[in-house]
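Student: Here is a sequence with its predicted model. Questions after.
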Amino acid sequence: MILDVGCGSDVKGDVGIDLFRETYEDALKAKPFKIKKILVCGDALNLPFRDKVFEKCVSNAVLEHVENPVKMIKEMIRVCNYIEVITPNALWIGKLFRAFRSGKYRPYKGHIYTWGLPEMENLFNHCRLKNIKIDYTGSDPHYHKDYWVYGILEKIFPKSFKHRRLIGVGYTQ
């Protein structure tokens, strides 16, 4: 079974957990699931599951919002054998463009942390994951208000847009 930590309204695994009740309710209403999924309203820092009950834990665009990312990763390690974490890349060219335009570098609204490849590697090593692989992944479908600018930048710097997000994977045993 796969656990989606911070699933929002689009559960990617067999079981999804999200902190916000509204998101959980939206997921239930959104569309009938073709495959029966279990939705749980709960905290990624205190997962309400037994040890090693899942084969895999996935988390997409959650790590940057969590006040204690070490605890989140350790909780994921506790309940599964393999983790996959995707987070925005701190040095993505679109983010650097916004910093240049506004005159200051800051995370997106609601982001507590920003993650680059070395920071994510340090986090995974600190949490004692094994066979760690951290790499870049392409852009996601969630464009921001600067979509037209990103379209131009993507044509000028195609390789940089492949580096929009980081993906980290590792085994817990």
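Tutor: That came through, no problem.
Student: any idea how far the nearest residue to residue 21 once chain neighbours are set aside is from residue 3?
Tutor: Nearest residue to residue 21, sequence neighbours excluded (CB to CB, 6 or more residues apart in numbering): residue 41, at 5.4 Å. Every residue, glycine included, has its C-beta placed from N, CA and C. Distance of residue 41 to residue 3, given as CB to CB, to the nearest Å: 14 Å.
Student: now do residue 25
Tutor: From residue 25 to residue 3 the distance is 20 Å (CB to CB).
Student: Which one's more surrounded, those two?
Tutor: residue 3 (27 against 13; other CB atoms under 10 Å).
Student: Let me see the backbone angles for the more buried one.
Tutor: Torsion angles at residue 3 (phi, psi; degrees, to the nearest 10) stand at phi -100, psi 130.
Student: Which helix or which strand is home to residue 85?
Tutor: strand 80-88 (DSSP states H and E).
Student: Direction included, what does that strand pair up with?
Tutor: In the sheet, strand 80-88 lines up against strand 54-60 (parallel), strand 165-171 (antiparallel) (DSSP bridges).
Student: Deepest-packed of those, please.
Tutor: strand 54-60 (a mean of 21; mean count of other CB atoms under 10 Å).
Student: Now do the same for that one: mean pLDDT, whole number.
Tutor: Mean pLDDT, strand 54-60: 93.
Student: Residues contacting that strand, please?
Tutor: 1-6, 12-13, 15, 44, 72, 76, 79-86 (CB atoms under 8 Å, 6 or more residues apart in numbering).
Student: make it 10 Å
Tutor: Here strand 54-60 makes contact (CB atoms under 10 Å, 6 or more residues apart in numbering) with 1-8, 10, 12-17, 44, 47, 49, 66, 72-73, 75-87, 140, 165, 167-169, 172.
Student: Just the buried ones from the residues you listed?
Tutor: 2-8, 12-17, 44, 47, 49, 66, 72-73, 75-77, 79-80, 82-87, 165, 167-169, 172 (16 or more other CB atoms under 10 Å).
Student: Contacts only, for the closest residue to residue 134 other than its chain neighbours.
Tutor: Closest residue to residue 134 apart from its sequence neighbours, by CB to CB, 6+ apart: residue 168 at 4.4 Å. Going by CB under 10 Å, 6+ apart, residue 168 touches 59, 63, 73, 83-87, 115, 117, 120-121, 123-124, 129, 132-135.
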